[in-house]
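Chemist: quick one, fold the following:
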Amino acid sequence: MDLCERDNSTANRHPWELSRLKALRSILDRIPAGAGEYRVLDVGCGDGFISREISRDHRVRSITGVDIHLSGEQAAEMGSAEGEVTFRNSYDDLMRNYYNLVFLLDVLEHVEQDREVLLDIVRTYVAEGGYLVVTVPAYPFLFGSHDRFMKHFRRYTRKDLLEVIHCADLECLSSGYLFFSLLATRVLSTSFEKWFPPKVARNRGVGSWKHGTIVTKALEFLLNTDVRLEMFLNRAGLTLPGLTVWALCKKQR
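Modeler: Numbers count the residues shown, from 1 in each chain. Purely as a prediction, here's the structure:
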């Protein structure tokens, strides 16, 4: 989760976070086995949830999470709690052209110059032949109060994201959308906001999730089914729309 969404406790993860993790693992399954062990860089790691979970996967050799919004104390505490994961709040200590798997999960929408930032990350930190997984929020017409709270500059179509990827000298191996089941709700809420704009920005992100186990598990089951269906159709060459655009890319040699 983004640090601006963080509440007093992160013990009860939002079902969307859990399903996004499932989707990420499904995307990683598309990387050839011959790619070897992963040296992972998680850019914009937030509270480290993805880094911690992926560190348990058998192909992961090392993982470093970096987020400039972490304090030095937070980064140290998170790292001491997870011996297999290193956390940084600066890019200064990162190894150059070392990481063969990089995550940019809901990062590019936070930066004004997304093409320049992606190109710099690819050229500076990604090893030759390395892979990147990129996710961004989908569809510009859905831009609303949640995006403003999250300090987003934009939302993307898949075509938009592929153009950004192309400018960074990356080869897109596969791409698609996630969370079709949430699309209608977001369309309705965005349309409602246009008629009745919210007066006060509220934290409606994943960090504000307060529901119990039954509701959490039910929604997680729904979203997991959504992910399985969309990934299955994607392999068959069919694309459903969704709230998230994703792409699996490879750095050209």
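
Chemist: that's a strand at Phe87, yeah?
Modeler: Yes - Phe87 forms part of a strand when assessed by DSSP: H, G, I helix; E, B strand; the rest coil.

Chemist: could you pull up the residues touching it?
Modeler: 45, 48, 51, 64-67, 70, 74-76, 78-79 (CB atoms under 8 Å, 6 or more residues apart in numbering). (Each C-beta comes from the backbone N, C-alpha and C, glycine too.)

Chemist: please redo it, this time with the cut-off set to 6 Å
Modeler: 65, 75, 78-79 (CB atoms under 6 Å, 6 or more residues apart in numbering).

Chemist: following the helix or strand Asp147 falls within, which helix or strand shows up next?
Modeler: Taking DSSP states H and E as the criterion, Asp147 maps to helix 145-149. Per DSSP H and E, the first helix or strand lying C-terminal to helix 145-149 is helix 158-167.

Chemist: report the inter-axis angle for the helix or strand following that next one versus helix 158-167.
Modeler: Downstream of helix 158-167, the next assigned helix or strand under DSSP H and E is strand 170-178. Strand 170-178 and helix 158-167 meet at an angle of 160 degrees, taking axes from the mean of the first three to the mean of the last three CA atoms, to 10 degrees as the criterion.

Chemist: for the next helix-or-strand element following strand 170-178, buried residues please.
Modeler: As assigned by DSSP H and E, the chain's next helix or strand after strand 170-178 is helix 183-195. Judged by neighbour count using 16 or more other CB atoms under 10 Å, the buried positions of helix 183-195 are 183, 186, 190.

Chemist: what lines up beside whatever helix or strand Val245 lives in in the sheet?
Modeler: Using DSSP H and E, Val245 maps to strand 244-251. Partners of strand 244-251 in the sheet, by DSSP bridges, are strand 126-137 (antiparallel), strand 170-178 (antiparallel).

Chemist: okay if I get the ones you listed as JSON lines plus mean pLDDT?
Modeler: Below are the strands paired with strand 244-251 laid out as JSON lines (pLDDT from 0 to 100):
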{"stretch": "strand 126-137", "mean pLDDT": "96"}
{"stretch": "strand 170-178", "mean pLDDT": "96"}
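
Chemist: buried deepest among those strands, which one?
Modeler: Of all these, strand 126-137 carries the top mean neighbour count, a mean of 21, counting by mean count of other CB atoms under 10 Å.

Chemist: among the strands paired with strand 244-251, which is nearest Pro15?
Modeler: With CB to CB, the closest approach to Pro15 among the strands paired with strand 244-251 belongs to strand 170-178: 13.1 Å.

Chemist: in contact with the residue in the chain sticking out farthest from the centre, which residues are there?
Modeler: Note on the chain: the largest C-alpha distance from the chain mean falls to Trp195, namely 30.4 Å (CA atoms, centre = their mean). For Trp195, the contact set (CB under 6 Å, 6+ apart) is empty.

Chemist: with the one 3 residues further on instead?
Modeler: For Pro198, the residues meeting the contact criterion (CB under 6 Å, 6+ apart) are Ser145.

Chemist: I'd assumed it was in a helix, is it?
Modeler: No - assignment of Pro198 by three-state DSSP gives coil, placing it outside any helix.

Chemist: ok, Leu119 to Val40 distance?
Modeler: 20 Å (CB to CB, to the nearest Å).
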